[in-house]
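Participant: What shape does this take:
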Amino acid sequence: MSEKTMELFRACIPLFQTLSDPHRQDIILLLAEHEALTVNEITEHSNLSRPAISHHLKILRDAGLVTVEQKGTQRYYLLSLESAIHQLKQLIQSVENECL
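Facilitator: Numbers count the residues shown, from 1 in each chain. Down below sits the predicted model:
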C-alpha cells in the first residue's frame, strides 16, 4: 500500500474512533432526523444522562461532526458531516485505486 493511502488511513483514525461508539452513532442519527437539537432534547431521546450526552457531543464537536449554534440562551447542535465525508471518500478512492 502506498504511503499516501497509509497517511489517509492514519488521518481517519480519530474519525473511526469517534464513530465507533454506539451512543455517538445514535446522536448522529437523531440529529440527521432533526435540523438542530439542544442537549435536553437529545437527552429526551436517550437513556443517557445529560452529562453523558454533553460528553459525547463534545467528542463529536472535537471531531468536527457537529457544530453548535447559539440562539438566545439555547445552544443547538447540528450535524456537520461534509469534512468527514470528504476525508472518507479520499480514503475509499485511494484504497480502490490500489486494491481493485
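Participant: Next up, the contacts around Asp26.
Facilitator: By Cβ atoms under 8 Å, 6 or more residues apart in numbering, the contact set of Asp26 is Ser46. Just so you know, the C-beta spots here come from the backbone N, C-alpha and C atoms, and that holds for glycine as well.
Participant: Any figure for the gap between it and Gln90?
Facilitator: Remark: distance between Asp26 and Gln90 (Cβ to Cβ, to the nearest Å) = 27 Å.
Participant: now Val68
Facilitator: Taking Cβ to Cβ, one finds Val68 at 26 Å from Gln90.
Participant: Straight-line length of stretch 38-58, end to end?
Facilitator: Start-to-end span of stretch 38-58 (Cα to Cα, to the nearest Å) is 13 Å.
Participant: In it, which residues are buried?
Facilitator: 39, 42-43, 48, 53, 56-57 (16 or more other Cβ atoms under 10 Å).
Participant: Okay, strands next: where are they in this protein?
Facilitator: For the chain, the strands defined by DSSP state E occupy 66-71, 74-79.
Participant: so which of those strands is the most packed in?
Facilitator: Highest mean neighbour count of the strands of the chain: strand 74-79, a mean of 16 (counted as mean count of other Cβ atoms under 10 Å).
Participant: Show me what it is packed against.
Facilitator: For strand 74-79, the elements it packs on are helix 22-33, helix 39-44, strand 66-71, judged by 3 or more Cβ pairs under 8 Å, 6 or more residues apart in numbering; DSSP states H and E.
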